[in-house]
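Peer 1: whatever this is, show me its structure:
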Amino acid sequence: MAEQHSVEDLLRDAPSNWGKWGDDDELGSLNYLTPAEVLRGVQHIRSGNVFTLQRLIGDPKGDPVWPGRTPATRTMIMDESIWDSPDAPQFPGGLHYADDKIEAFLQGSTQYDALGHVWYGGKIWNGYDARTTIGGLDKASVEPIAQRGVVGRGVLLDIARFRGKENLDKGEAFDHNELEACAKAQGHTIEKHDVLVIRTNFLKLFFDQGKEFYENFNEPGLTYSPELVRWFQEREIPNLVTDTIANEVTYEPETGIALPLHCALMRNLGVTLTEICDLEKLAASCAEDGQYTFLYAAAPLKVHRATGSPVNPLAIK
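Peer 2: Modelled structure (predicted):
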C-alpha cells in the first residue's frame, strides 16, 4: 500500500503569520496594503487603460468551475412576454421592465477566497476553531475583505509566454525562482507587497476540449516547497491572483497532497487567493508595450459569512 501523506505532516514546521496583526485579525496579509501601497500602485498608471479581469458568468461556451461545482444558472423572471397576460402588473404610465436572478456557487466564477475557506488540523486562519465555519463562516469570511477592498501594485507574471507556450499543460509546475526569472525577462522585479498576477492560459483548454478538460484533472501552477512558502512570507505578498481554478498545481508532485499551498499560504500566512481570472487582454497589452506593472484594484461582494465571492478585478496601466 502506498504511503499516505497528510498536509499536517507536510506543513508541521511551516511559517505562520497567526497573531501578527492581533488575535482578532480576519484580513491576514492584506494588512500589508497600506495607503502608501495604494499610492505606490497609482504611480504605475501611465496610459489610463483599464482591463477587467473577470470571466463572463453564463458564457455560451461554458463556465470553468472546480470539479463538483456547477456553473451559474441565470433565470429570466420578468420580460416583455409577462405583459401579454391580462393579469400582468400595471404601473401608472405604462412602464414595463425585465428582471432575472442567478443561482451560483459563490466560488463558481472569478472570485476571492475567504481566509477561512480551507483548513486542516481543526484550525482556520489565525487559529480560529474550524467549527466556526458551521452554517457559515463566523470568522475569516469574505466579508472583511469585501469591506476593505484590495488595492496595490500589481505585477503580471506571464509564465506561459515566458516558457514560449500558448498555454501551460496539465500538472505543469513552476516555483518562486521562475517567477523571479520571468519578472527579470519582462524588465522588472517583484517587490515587497506586490499583488502577484500569474498567467498560464490553462483555461484555453477548457474551451478547446469541452468535457475532456476534466479527465485526470490536474491544473498547472505554483508547487509547494518550504523555500517557496518562506519566499511568500519574506516578500510579504498580500494577494495571489491567477487564471486557473485553484491557483496551484492540484496535486503536489512528490506526495500527491491536494492543494497544499491553499493551506501553507492562505491558512498559515493569510495570503488572499483570487482565482479564474481572464488575463488575456492584459497579457497582450503588456507584451505589446513592455509594461507589466499596474494599479490592481478589486472588491468582492459583501456577503455575510460567505466562503468566497465573485469579483471583477481591475488592472489600470
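
Peer 1: following the strand ranked longest in the chain, which helix or strand comes up?
Peer 2: Across the chain, the strand with the greatest residue count (assigned by DSSP state E) is strand 150-158. As assigned by DSSP states H and E, the chain's next helix or strand after strand 150-158 is helix 159-162.

Peer 1: and that following helix, what other elements does it pack with?
Peer 2: helix 176-186, strand 195-199 (3 or more Cβ pairs under 8 Å, 6 or more residues apart in numbering; DSSP states H and E). All C-beta spots, glycine's among them, are computed from the backbone N, C-alpha and C.

Peer 1: these into CSV, with extra columns for mean neighbour count and mean pLDDT?
Peer 2: Shown next, in CSV, are the helices and strands packed on helix 159-162 (neighbours: other Cβ atoms under 10 Å; pLDDT from 0 to 100):
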stretch, mean neighbour count, mean pLDDT
helix 176-186, 17, 98
strand 195-199, 26, 98
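
Peer 1: so where's this protein uncertain?
Peer 2: 1-4 (pLDDT under 70).

Peer 1: can you list the domains in it?
Peer 2: According to automatic domain parsing, the chain comprises the domains 15-55+107-316, 73-103.

Peer 1: still on that earlier bit, out of the helices and strands packed on helix 159-162, nearest to residue 126?
Peer 2: Nearest to residue 126 among the helices and strands packed on helix 159-162 is strand 195-199; the distance by Cβ to Cβ comes to 21.1 Å.

Peer 1: output that closest one as CSV, nothing but the C-alphas.
Peer 2: What follows is strand 195-199, C-alpha atoms only, in CSV (Å, rounded to 0.1, in the frame of the first residue of the first chain):
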residue,chain,number,x,y,z
VAL,A,195,-0.1,41.6,-5.9
LEU,A,196,1.1,38.7,-8.0
VAL,A,197,-1.0,38.1,-11.1
ILE,A,198,0.1,34.9,-12.8
ARG,A,199,-0.9,33.9,-16.4
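
Peer 1: so in that sheet, which strands flank that strand, and in what orientation?
Peer 2: strand 150-158 (parallel), strand 239-242 (parallel) (DSSP bridges).

Peer 1: following element in sequence after it, please.
Peer 2: That would be, after strand 195-199 and using DSSP H and E, helix 204-209.

Peer 1: which residues are in contact with that next one?
Peer 2: With Cβ atoms under 8 Å, 6 or more residues apart in numbering as the test, helix 204-209 has contacts from 61-62, 64, 166-167, 170, 213.

Peer 1: so after that helix, what's the next helix or strand?
Peer 2: strand 221-222.

Peer 1: which residues touch that next one?
Peer 2: So strand 221-222 is in contact with 168, 173-176, 198, 200, 228, 240, 242, 244, 246-249, 261, going by Cβ under 8 Å, 6+ apart.
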